[in-house]
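*Asks:* got a predicted structure here, sequence first:
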Amino acid sequence: MVVLLQIRERITRFYTSYDNYCNAAGRFILALITFLLINHYLGYSAILTNAALVLIIALACSFLPMNFLLVAAAAVTLLHIYALSLESVIVVGVAYLLMMFLYFRFSPKDSMLVILTPICFVLKVPYAIPVAAGLIGTPTSVISTGCGVAVYYILSYISKNQVPEAVTAPVTEDGAASMINKFRFIIDDLFGNKEIPVFVAAFAITILAVYLIRRLSIDRSWLIAIFAGTLLDILVLLGGDLTFKLYLSVPGMILGHVVAIAVAVVIMFFRFNVDYTRTERVQFEDDEYYYYVKAVPKNTVKPEERRVKKIKGETKKDAAEYHMRRSVTEKKEIVTDRAARRTAPTDRDIRLEEARERRRAADRLERDVAAKARENRERRGNQ
């Protein structure tokens, strides 16, 4: 466990030192994967499938906010569909516009979920999205995840390998009636897919359940939220499968949820790694309130510092000088190590110092809460 904590600290320090470069590289990789998947699924426009153009767009997205990547992906998708048929691009464009209104109104900071959800569907592990969103997101993440589910099924329907012949059929002499029939066919076939509401409902329920459980003031709330949310997601999907005859793959569903649990545990390790054995509860009061504070310390460890010793190469000219310097250095290291062992603190001293530090932290917290309560009383008195 100590080795894993040291690795986490190294990763955290590296990211903190080079966060701008890491964020830019992450956006570039995500944009490149997104545009490659769009070209793979659609690919109706030969210009947009050009590798140089894809790299240029992905590079531009790496220096801009994530919402720009979302808009760029939608624009590329619509351009591909426009090369297929005018009716399809109108229907998909209206659907995208509605989803954009919902997204930018309620969850404009969850663009990562909108992009990652279709990618996880392609990788056959979409069940990791609702659990992860419940752990690090908010209840509004339901909208972003639902938009991602709808985007995936739209791309699957318009895919160049599965697109119905009625969508690409030429308009007959009765142009208006033929176009209306094509609109009706696309809308009925696209939005009549029962898998969309089932997955949207399952993911929404899972996100809310995980979010509510992991915020409870109980030990190991995040771990309980992960397993409870996963089980609830399986039950809702199985219920929808039996109700609407979706014929979902049960082994694939179970394997996907196992992967979702693994991803959630990794997220918990980096975001919520605490030591419940050292939990402290502090109780104090002022003139108007009683305060109950539960303090759970985080698991932290300093990364092991590497010692580098420079040794001068031995030659005939400086052999005597080298051996003399090395013997003096070894004697100094021996004396230093002995002095360090004599002055090294014992386990009992370390525990006492940790207890004193926790007590000082509790006292500071008590003073801060009391000061805040005093300010509230003074503000109410002034009002």
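*Replies:* Ah, there it is.
*Asks:* could you look up the SS state of residue 218?
*Replies:* Secondary structure assignment for residue 218 (DSSP: H, G, I helix; E, B strand; the rest coil): coil.
*Asks:* give me the pLDDT for it.
*Replies:* Residue 218 is assigned 89 on the pLDDT scale.
*Asks:* spatially nearest residue to it (excluding sequence neighbours)?
*Replies:* residue 224 (7.3 Å; CB to CB, 6 or more residues apart in numbering). Where you see a C-beta, it was placed from the backbone N, CA and C, and this is true even at glycine.
*Asks:* can you tell me the element that neighbour falls in?
*Replies:* Using DSSP states H and E, residue 224 sits in helix 221-244.
*Asks:* which other helices and strands contact that helix?
*Replies:* In terms of contacts (3 or more CB pairs under 8 Å, 6 or more residues apart in numbering; DSSP states H and E), helix 221-244 is packed against helix 128-136, helix 195-214, helix 250-271.
*Asks:* average pLDDT for the second one?
*Replies:* Spelled out, that is helix 195-214. On average, the pLDDT along helix 195-214 is 96.
*Asks:* buried ones in that helix?
*Replies:* By 16 or more other CB atoms under 10 Å, the buried positions in helix 195-214 come out as 195-196, 198-211, 213-214.
*Asks:* now the longest one
*Replies:* Within helix 250-271, the residues that count as buried by 16+ other CB under 10 Å are 253, 256, 257, 260, 261, 263, 264, 267, 268.
*Asks:* got those residues as JSON lines, with pLDDT columns?
*Replies:* Listed next are the buried residues of helix 250-271 as JSON lines, based on pLDDT from 0 to 100:
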{"residue": "253", "pLDDT": "93"}
{"residue": "256", "pLDDT": "94"}
{"residue": "257", "pLDDT": "95"}
{"residue": "260", "pLDDT": "95"}
{"residue": "261", "pLDDT": "96"}
{"residue": "263", "pLDDT": "96"}
{"residue": "264", "pLDDT": "96"}
{"residue": "267", "pLDDT": "95"}
{"residue": "268", "pLDDT": "94"}
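*Asks:* tell me the one among those residues nearest to residue 66.
*Replies:* Taking CB to CB as the measure, residue 66 lies nearest residue 267 of the buried residues of helix 250-271, at 18.5 Å.
*Asks:* from what I can see the closest one touches residue 133, true?
*Replies:* No. Between residue 267 and residue 133 no contact is recorded; they are 10.3 Å apart, counting by CB atoms under 8 Å.
*Asks:* is residue 139 located within a strand, as I assumed?
*Replies:* No. Per three-state DSSP, residue 139 lies outside any strand segment and is coil.
*Asks:* wait, what's in contact with it?
*Replies:* 207, 208, 211 (CB atoms under 8 Å, 6 or more residues apart in numbering).
*Asks:* Throw those into TSV and include distance to residue 369, thanks.
*Replies:* TSV is the format used below for these (distance: CB to CB, whole Å):
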residue	distance to residue 369
207	32
208	30
211	26
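*Asks:* packing partners for the helix or strand containing residue 70?
*Replies:* For residue 70, the host element (DSSP H and E) is helix 66-84. Judged by 3+ CB pairs under 8 Å, 6+ apart, helix 66-84 is in contact with helix 19-41, helix 51-62, helix 86-106, helix 111-122.
*Asks:* deepest of these, which one?
*Replies:* Among the helices and strands packed on helix 66-84, helix 111-122 has the highest mean neighbour count (mean count of other CB atoms under 10 Å), at a mean of 22.
*Asks:* what angle separates it from helix 128-136?
*Replies:* Helix 111-122 and helix 128-136 are oriented at 150 degrees to each other (axes from the mean of the first three to the mean of the last three CA atoms, to 10 degrees).
*Asks:* mind checking how far the residue nearest the centre of the chain is from residue 142?
*Replies:* For the chain, the residue sitting closest to the mean C-alpha position, by CA atoms, centre = their mean, is residue 132 at 6.0 Å. Residue 132 is 13 Å from residue 142, where distance means CB to CB, to the nearest Å.
*Asks:* quick revisit: so which of the helices and strands packed on helix 221-244 comes closest to residue 282?
*Replies:* Residue 282 sits nearest to helix 195-214 of all the helices and strands packed on helix 221-244, at 22.6 Å, using CB to CB.
*Asks:* can you list contacts of the closest one?
*Replies:* Residues outside helix 195-214 that contact it (CB under 8 Å, 6+ apart) are 126, 129-131, 133-135, 137-139, 141-142, 145-146, 149-150, 153, 221-222, 224-226, 228-230, 232-233, 236-237, 240-241, 244, 246, 272.
*Asks:* next one: stretch 72-80 to chain centre, how far?
*Replies:* Mean-position distance between stretch 72-80 and its chain equals 24 Å (CA atoms, centre = their mean, to the nearest Å).
*Asks:* that stretch: which residues count as buried?
*Replies:* Neighbour counts over stretch 72-80 (16+ other CB under 10 Å) mark 72, 73, 74, 76, 77, 79, 80 as buried.
*Asks:* and those as JSON lines, adding pLDDT and distance to residue 359?
*Replies:* Output for the buried residues of stretch 72-80, formatted as JSON lines (pLDDT from 0 to 100; distance: CB to CB, whole Å):
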{"residue": "72", "pLDDT": "95", "distance to residue 359": "54"}
{"residue": "73", "pLDDT": "95", "distance to residue 359": "53"}
{"residue": "74", "pLDDT": "94", "distance to residue 359": "55"}
{"residue": "76", "pLDDT": "94", "distance to residue 359": "59"}
{"residue": "77", "pLDDT": "94", "distance to residue 359": "59"}
{"residue": "79", "pLDDT": "93", "distance to residue 359": "64"}
{"residue": "80", "pLDDT": "91", "distance to residue 359": "64"}
